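Enquirer: Prediction below, plus the sequence it came from.
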Amino acid sequence: MAPTRQVRRGLLVMNPKATTTTSHVSEVLVSALSSVLELQAVRTERRGHAADLARQAVAEGTDVVIAFGGDGTVNEVVTGLLADGPRPGLPALAVVPGGSTNVFARALGLPNHAVEATGVLLRLLREGRTRQVSVGAAHSEDDDSDRYFTFSAGYGFDAAVVGAVERQRAAGRRSTGALYIRLALTEYIRHTDRRNPPISCKLADGTQLPPLFMAVLANTAPWTYLGNRPILATPDAAFESGLDLFGMASMAPVPLSRTVGRLIAGSRRLDDGRRVLVRHDLAGITLSAQRPVAFQVDGDYLGPRERVTFRSVPDALSVFA
(Lines give C-alpha, C1' and ligand atoms only; values in the text may rest on other atoms or scores of the structure.)
Protein backbone atom coordinates (compact mmCIF):
# COMPACT_ATOMS: atom_id res chain seq x y z
CA MET A 1 0.00 0.00 0.00
CA ALA A 2 1.38 3.39 -1.03
CA PRO A 3 1.13 6.44 1.22
CA THR A 4 -2.08 8.48 0.97
CA ARG A 5 -1.86 10.67 -2.13
CA GLN A 6 -3.86 13.87 -2.45
CA VAL A 7 -4.69 14.93 -6.01
CA ARG A 8 -6.13 18.13 -7.42
CA ARG A 9 -5.46 18.29 -11.17
CA GLY A 10 -6.51 15.40 -13.38
CA LEU A 11 -6.38 14.46 -17.05
CA LEU A 12 -9.06 12.13 -18.42
CA VAL A 13 -7.94 10.36 -21.60
CA MET A 14 -10.96 8.91 -23.42
CA ASN A 15 -10.87 6.52 -26.36
CA PRO A 16 -14.12 7.18 -28.26
CA LYS A 17 -13.65 3.96 -30.28
CA ALA A 18 -13.43 1.68 -27.23
CA THR A 19 -15.93 -1.17 -27.29
CA THR A 20 -18.27 -0.09 -24.49
CA THR A 21 -17.74 3.67 -24.67
CA THR A 22 -20.80 5.81 -25.40
CA SER A 23 -21.32 9.57 -25.35
CA HIS A 24 -23.72 9.22 -22.41
CA VAL A 25 -21.25 7.23 -20.32
CA SER A 26 -18.51 9.72 -21.19
CA GLU A 27 -20.68 12.64 -20.05
CA VAL A 28 -21.49 10.89 -16.77
CA LEU A 29 -17.82 10.13 -16.21
CA VAL A 30 -16.68 13.72 -16.88
CA SER A 31 -19.37 15.13 -14.60
CA ALA A 32 -18.57 12.74 -11.76
CA LEU A 33 -14.80 13.21 -11.89
CA SER A 34 -15.17 16.99 -12.14
CA SER A 35 -16.75 16.91 -8.68
CA VAL A 36 -13.43 15.86 -7.12
CA LEU A 37 -10.81 17.13 -9.60
CA GLU A 38 -9.87 20.10 -11.70
CA LEU A 39 -10.41 17.97 -14.77
CA GLN A 40 -9.24 18.22 -18.34
CA ALA A 41 -10.95 15.67 -20.60
CA VAL A 42 -9.53 14.80 -24.02
CA ARG A 43 -10.73 12.30 -26.62
CA THR A 44 -7.99 10.47 -28.49
CA GLU A 45 -7.86 11.00 -32.24
CA ARG A 46 -5.22 8.54 -33.43
CA ARG A 47 -2.96 5.69 -32.40
CA GLY A 48 -0.32 6.99 -29.99
CA HIS A 49 -2.35 10.05 -28.99
CA ALA A 50 -2.96 8.75 -25.46
CA ALA A 51 0.80 8.31 -24.96
CA ASP A 52 1.42 11.88 -26.14
CA LEU A 53 -1.23 13.22 -23.77
CA ALA A 54 0.24 11.31 -20.81
CA ARG A 55 3.73 12.55 -21.65
CA GLN A 56 2.40 16.11 -21.68
CA ALA A 57 0.68 15.52 -18.33
CA VAL A 58 4.05 14.56 -16.83
CA ALA A 59 5.61 17.78 -18.12
CA GLU A 60 2.75 19.88 -16.76
CA GLY A 61 2.79 18.32 -13.29
CA THR A 62 -0.68 16.79 -13.49
CA ASP A 63 -1.56 14.78 -10.38
CA VAL A 64 -3.45 11.88 -11.95
CA VAL A 65 -4.05 10.58 -15.48
CA ILE A 66 -7.25 8.57 -15.91
CA ALA A 67 -7.44 6.16 -18.83
CA PHE A 68 -10.98 5.49 -20.05
CA GLY A 69 -10.90 2.73 -22.67
CA GLY A 70 -9.58 -0.76 -23.16
CA ASP A 71 -6.21 -2.27 -22.37
CA GLY A 72 -4.69 -0.59 -25.44
CA THR A 73 -5.58 2.86 -24.11
CA VAL A 74 -4.17 1.96 -20.68
CA ASN A 75 -0.96 0.72 -22.27
CA GLU A 76 -0.54 3.94 -24.25
CA VAL A 77 -1.05 6.05 -21.13
CA VAL A 78 1.51 3.97 -19.23
CA THR A 79 3.92 4.31 -22.17
CA GLY A 80 3.58 8.10 -21.95
CA LEU A 81 3.91 8.24 -18.17
CA LEU A 82 7.09 6.13 -18.29
CA ALA A 83 8.57 7.71 -21.43
CA ASP A 84 11.65 8.77 -19.45
CA GLY A 85 11.52 5.80 -17.09
CA PRO A 86 9.99 5.36 -13.62
CA ARG A 87 10.89 8.09 -11.13
CA PRO A 88 9.42 9.94 -8.14
CA GLY A 89 6.88 12.64 -8.87
CA LEU A 90 5.14 11.04 -11.84
CA PRO A 91 1.36 11.45 -12.06
CA ALA A 92 -0.64 8.62 -10.58
CA LEU A 93 -2.60 6.35 -12.91
CA ALA A 94 -6.30 5.57 -12.69
CA VAL A 95 -8.37 3.33 -14.96
CA VAL A 96 -12.02 3.21 -15.99
CA PRO A 97 -12.68 0.10 -18.12
CA GLY A 98 -14.20 0.74 -21.52
CA GLY A 99 -12.91 -2.12 -23.65
CA SER A 100 -14.03 -5.65 -24.38
CA THR A 101 -11.65 -7.43 -21.99
CA ASN A 102 -10.11 -4.91 -19.53
CA VAL A 103 -7.52 -7.29 -18.10
CA PHE A 104 -5.54 -4.65 -16.20
CA ALA A 105 -8.57 -3.00 -14.60
CA ARG A 106 -9.97 -6.35 -13.48
CA ALA A 107 -6.58 -7.42 -12.13
CA LEU A 108 -6.66 -4.28 -9.97
CA GLY A 109 -9.99 -5.43 -8.55
CA LEU A 110 -12.12 -2.82 -10.35
CA PRO A 111 -15.64 -3.62 -11.58
CA ASN A 112 -15.81 -4.46 -15.28
CA HIS A 113 -18.38 -1.72 -15.89
CA ALA A 114 -17.53 1.92 -16.48
CA VAL A 115 -20.16 3.51 -14.22
CA GLU A 116 -19.57 1.10 -11.34
CA ALA A 117 -15.80 1.51 -11.68
CA THR A 118 -16.21 5.29 -11.65
CA GLY A 119 -18.00 5.04 -8.32
CA VAL A 120 -15.09 3.06 -6.89
CA LEU A 121 -12.58 5.51 -8.37
CA LEU A 122 -14.35 8.52 -6.85
CA ARG A 123 -14.02 6.95 -3.40
CA LEU A 124 -10.34 6.17 -3.99
CA LEU A 125 -9.64 9.72 -5.17
CA ARG A 126 -11.36 11.23 -2.13
CA GLU A 127 -9.40 8.93 0.19
CA GLY A 128 -6.15 9.37 -1.76
CA ARG A 129 -5.73 5.60 -1.73
CA THR A 130 -3.14 4.22 -4.17
CA ARG A 131 -0.93 1.17 -4.53
CA GLN A 132 2.44 0.64 -6.17
CA VAL A 133 2.50 -1.85 -9.04
CA SER A 134 5.26 -3.29 -11.13
CA VAL A 135 5.24 -3.35 -14.91
CA GLY A 136 7.14 -5.32 -17.51
CA ALA A 137 9.50 -3.78 -20.04
CA ALA A 138 10.36 -5.25 -23.44
CA HIS A 139 13.17 -4.14 -25.72
CA SER A 140 14.27 -5.26 -29.15
CA GLU A 141 16.77 -3.96 -31.69
CA ASP A 142 13.84 -2.78 -33.81
CA ASP A 143 12.60 -0.42 -31.08
CA ASP A 144 14.13 2.90 -30.06
CA SER A 145 13.09 2.51 -26.42
CA ASP A 146 11.51 0.09 -23.94
CA ARG A 147 7.91 -0.87 -24.52
CA TYR A 148 6.12 -1.29 -21.21
CA PHE A 149 3.28 -3.71 -20.47
CA THR A 150 0.92 -3.85 -17.52
CA PHE A 151 -0.30 -7.47 -17.58
CA SER A 152 1.35 -9.57 -20.30
CA ALA A 153 3.50 -9.76 -23.41
CA GLY A 154 3.64 -12.62 -25.89
CA TYR A 155 6.18 -13.96 -28.35
CA GLY A 156 5.32 -16.65 -30.89
CA PHE A 157 1.96 -18.37 -31.38
CA ASP A 158 -0.03 -16.24 -28.92
CA ALA A 159 1.17 -13.01 -30.51
CA ALA A 160 0.39 -14.32 -34.00
CA VAL A 161 -3.22 -14.89 -32.91
CA VAL A 162 -3.36 -11.38 -31.42
CA GLY A 163 -2.16 -10.02 -34.77
CA ALA A 164 -4.89 -11.93 -36.59
CA VAL A 165 -7.53 -10.58 -34.18
CA GLU A 166 -6.28 -7.01 -34.74
CA ARG A 167 -6.60 -7.42 -38.49
CA GLN A 168 -10.18 -8.60 -38.07
CA ARG A 169 -10.98 -5.67 -35.80
CA ALA A 170 -9.50 -3.26 -38.34
CA ALA A 171 -11.89 -4.78 -40.87
CA GLY A 172 -14.84 -4.01 -38.60
CA ARG A 173 -15.24 -7.26 -36.66
CA ARG A 174 -16.00 -7.11 -32.94
CA SER A 175 -13.44 -8.76 -30.69
CA THR A 176 -15.05 -11.73 -28.92
CA GLY A 177 -13.94 -14.96 -27.34
CA ALA A 178 -15.42 -16.87 -30.28
CA LEU A 179 -13.37 -14.81 -32.75
CA TYR A 180 -10.20 -15.44 -30.77
CA ILE A 181 -10.83 -19.21 -30.67
CA ARG A 182 -11.59 -19.38 -34.40
CA LEU A 183 -8.46 -17.44 -35.33
CA ALA A 184 -6.32 -19.49 -32.92
CA LEU A 185 -7.51 -22.69 -34.63
CA THR A 186 -6.78 -21.18 -38.04
CA GLU A 187 -3.29 -20.14 -36.95
CA TYR A 188 -2.63 -23.61 -35.53
CA ILE A 189 -3.89 -25.57 -38.54
CA ARG A 190 -2.66 -23.39 -41.40
CA HIS A 191 0.40 -21.50 -40.20
CA THR A 192 2.11 -23.40 -37.37
CA ASP A 193 5.13 -25.67 -37.83
CA ARG A 194 4.30 -28.13 -35.04
CA ARG A 195 7.65 -29.93 -35.13
CA ASN A 196 10.27 -27.20 -34.80
CA PRO A 197 9.88 -24.74 -31.90
CA PRO A 198 11.45 -21.47 -33.07
CA ILE A 199 12.05 -19.68 -29.76
CA SER A 200 15.25 -19.87 -27.69
CA CYS A 201 14.98 -18.73 -24.06
CA LYS A 202 17.71 -17.51 -21.72
CA LEU A 203 17.02 -16.28 -18.20
CA ALA A 204 18.82 -13.26 -16.74
CA ASP A 205 21.12 -15.59 -14.75
CA GLY A 206 22.19 -17.36 -17.96
CA THR A 207 19.99 -20.45 -17.56
CA GLN A 208 18.93 -21.83 -20.93
CA LEU A 209 15.37 -23.18 -21.16
CA PRO A 210 14.04 -25.67 -23.73
CA PRO A 211 12.96 -24.28 -27.12
CA LEU A 212 9.37 -23.00 -27.21
CA PHE A 213 6.57 -22.42 -29.70
CA MET A 214 5.12 -19.60 -27.63
CA ALA A 215 6.11 -17.64 -24.55
CA VAL A 216 3.91 -15.36 -22.46
CA LEU A 217 5.49 -13.05 -19.87
CA ALA A 218 2.88 -12.20 -17.27
CA ASN A 219 2.97 -9.32 -14.79
CA THR A 220 -0.18 -10.40 -12.98
CA ALA A 221 -2.89 -13.06 -13.03
CA PRO A 222 -4.99 -13.75 -14.95
CA TRP A 223 -3.07 -13.46 -18.20
CA THR A 224 -6.30 -12.80 -20.13
CA TYR A 225 -10.01 -13.65 -20.18
CA LEU A 226 -12.13 -15.82 -22.44
CA GLY A 227 -15.36 -13.91 -22.10
CA ASN A 228 -15.76 -13.71 -18.32
CA ARG A 229 -13.61 -16.76 -17.67
CA PRO A 230 -10.10 -15.91 -16.37
CA ILE A 231 -7.21 -17.77 -18.00
CA LEU A 232 -4.69 -18.54 -15.26
CA ALA A 233 -1.62 -19.59 -17.20
CA THR A 234 0.61 -18.14 -14.45
CA PRO A 235 -1.49 -18.36 -11.27
CA ASP A 236 1.24 -17.01 -8.97
CA ALA A 237 1.99 -13.87 -11.00
CA ALA A 238 1.39 -10.62 -9.12
CA PHE A 239 2.05 -6.89 -9.36
CA GLU A 240 4.32 -7.22 -6.32
CA SER A 241 6.72 -9.76 -7.85
CA GLY A 242 8.78 -10.19 -11.01
CA LEU A 243 7.60 -11.59 -14.32
CA ASP A 244 6.16 -15.07 -14.73
CA LEU A 245 6.73 -17.20 -17.82
CA PHE A 246 4.23 -19.53 -19.46
CA GLY A 247 5.80 -21.45 -22.34
CA MET A 248 4.62 -24.17 -24.71
CA ALA A 249 7.40 -26.57 -25.76
CA SER A 250 5.04 -28.84 -27.71
CA MET A 251 2.20 -28.11 -30.12
CA ALA A 252 1.26 -31.75 -30.69
CA PRO A 253 -2.55 -32.08 -30.71
CA VAL A 254 -3.01 -34.32 -27.65
CA PRO A 255 -0.80 -32.47 -25.13
CA LEU A 256 -1.97 -29.12 -26.49
CA SER A 257 -5.64 -30.00 -26.04
CA ARG A 258 -4.88 -31.23 -22.52
CA THR A 259 -3.16 -27.95 -21.65
CA VAL A 260 -5.96 -25.83 -23.14
CA GLY A 261 -8.49 -27.83 -21.13
CA ARG A 262 -6.57 -27.22 -17.92
CA LEU A 263 -6.27 -23.50 -18.68
CA ILE A 264 -10.00 -23.17 -19.24
CA ALA A 265 -10.72 -25.19 -16.09
CA GLY A 266 -8.40 -22.97 -14.02
CA SER A 267 -6.14 -25.86 -13.03
CA ARG A 268 -2.78 -25.14 -11.41
CA ARG A 269 -1.41 -28.43 -12.83
CA LEU A 270 0.21 -26.93 -15.92
CA ASP A 271 4.00 -27.26 -15.64
CA ASP A 272 5.04 -30.80 -16.61
CA GLY A 273 8.67 -29.83 -17.21
CA ARG A 274 8.64 -30.99 -20.83
CA ARG A 275 5.68 -29.75 -22.85
CA VAL A 276 4.67 -26.82 -20.65
CA LEU A 277 7.00 -24.56 -18.69
CA VAL A 278 5.95 -22.15 -15.93
CA ARG A 279 8.51 -19.98 -14.12
CA HIS A 280 7.74 -17.54 -11.32
CA ASP A 281 9.23 -14.19 -10.26
CA LEU A 282 11.80 -13.67 -13.01
CA ALA A 283 13.98 -10.57 -13.09
CA GLY A 284 14.43 -10.92 -16.83
CA ILE A 285 14.51 -13.21 -19.86
CA THR A 286 15.67 -12.98 -23.47
CA LEU A 287 13.68 -14.65 -26.24
CA SER A 288 15.14 -15.06 -29.71
CA ALA A 289 14.50 -16.88 -32.97
CA GLN A 290 16.42 -17.57 -36.17
CA ARG A 291 13.61 -15.91 -38.09
CA PRO A 292 11.35 -13.09 -36.82
CA VAL A 293 8.30 -14.27 -34.90
CA ALA A 294 5.19 -12.42 -33.77
CA PHE A 295 5.37 -10.11 -30.74
CA GLN A 296 2.65 -8.36 -28.71
CA VAL A 297 2.33 -6.36 -25.49
CA ASP A 298 -0.95 -5.99 -23.57
CA GLY A 299 -2.83 -7.28 -26.60
CA ASP A 300 -1.23 -4.75 -28.96
CA TYR A 301 0.44 -6.50 -31.91
CA LEU A 302 3.85 -5.00 -32.67
CA GLY A 303 4.93 -7.24 -35.55
CA PRO A 304 7.70 -9.82 -35.90
CA ARG A 305 10.97 -9.62 -33.96
CA GLU A 306 14.12 -11.76 -33.97
CA ARG A 307 15.09 -11.00 -30.38
CA VAL A 308 13.29 -9.41 -27.42
CA THR A 309 14.62 -8.89 -23.89
CA PHE A 310 12.06 -8.64 -21.09
CA ARG A 311 12.62 -7.35 -17.57
CA SER A 312 10.56 -6.61 -14.51
CA VAL A 313 10.30 -2.99 -13.35
CA PRO A 314 9.27 -3.02 -9.66
CA ASP A 315 7.07 -0.27 -8.18
CA ALA A 316 6.95 1.55 -11.50
CA LEU A 317 3.52 3.17 -11.09
CA SER A 318 1.32 4.60 -8.39
CA VAL A 319 -2.21 3.46 -9.22
CA PHE A 320 -5.57 4.33 -7.69
CA ALA A 321 -6.85 0.88 -6.82
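Expert: Arrived safely.

Enquirer: Name the spans of the chain whose pLDDT lies under the cut-off.
Expert: Applying pLDDT under 70 to the chain flags the ranges 1-3.

Enquirer: again, only this time at 80
Expert: Applying pLDDT under 80 to the chain flags the ranges 1-4, 18-22, 144, 227, 273.

Enquirer: In contact with R274: list those residues for me.
Expert: Contacts for R274 (CB atoms under 8 Å, 6 or more residues apart in numbering) come out as 210, 249-250. Using the backbone N, CA and C atoms, a C-beta is placed for each residue, glycine as well.

Enquirer: do you know how far D146 is from A41?
Expert: Note on D146: its distance to A41, by CB to CB, to the nearest Å, is 29 Å.

Enquirer: let me fix that: T224
Expert: 29 Å.

Enquirer: Show me which of the two is the more surrounded one.
Expert: More neighbours surround T224 than the other of T224 and A41, with 23 against 17 (other CB atoms under 10 Å).

Enquirer: Quick check: phi and psi at the more buried one.
Expert: Note on T224: backbone dihedrals following degrees, to the nearest 10 are phi -160, psi -170.

Enquirer: my guess is it meets A218, correct?
Expert: No - checked against CB atoms under 8 Å, the pair T224 and A218 is beyond contact range at 9.3 Å.

Enquirer: Between those two, which contacts overlap?
Expert: Common neighbours of T224 and A218 (CB under 8 Å, 6+ apart) are 151-152.

Enquirer: As CSV, the contacts of R274 with distance to N112, neighbour count and secondary structure would be great.
Expert: Shown next, in CSV, are the contacts of R274 (distance: CB to CB, whole Å; neighbours: other CB atoms under 10 Å; DSSP: H, G, I helix; E, B strand; the rest coil):
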residue, distance to N112, neighbour count, secondary structure
P210, 36, 15, strand
A249, 33, 21, coil
S250, 34, 19, coil
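
Enquirer: Using CSV, lay out the residues you listed together with distance to A170.
Expert: Shown next, in CSV, are those (distance: CB to CB, whole Å):
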residue, distance to A170
P210, 35
A249, 32
S250, 32
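
Enquirer: Which one of those residues is nearest to G98?
Expert: Comparing the contacts of R274 against G98 with CB to CB places A249 closest, at 37.0 Å.

Enquirer: Am I right that P255 falls within a helix?
Expert: Yes - assigned with DSSP: H, G, I helix; E, B strand; the rest coil, P255 falls within a helix.

Enquirer: And it, how close does it get to H280?
Expert: As defined by CB to CB, P255 lies at a distance of 22 Å from H280.

Enquirer: List the contacts of stretch 159-168.
Expert: Against stretch 159-168 from outside (CB under 8 Å, 6+ apart): 154, 175, 179-180, 183-184, 186-187, 191, 214, 293-296, 299-301, 303.
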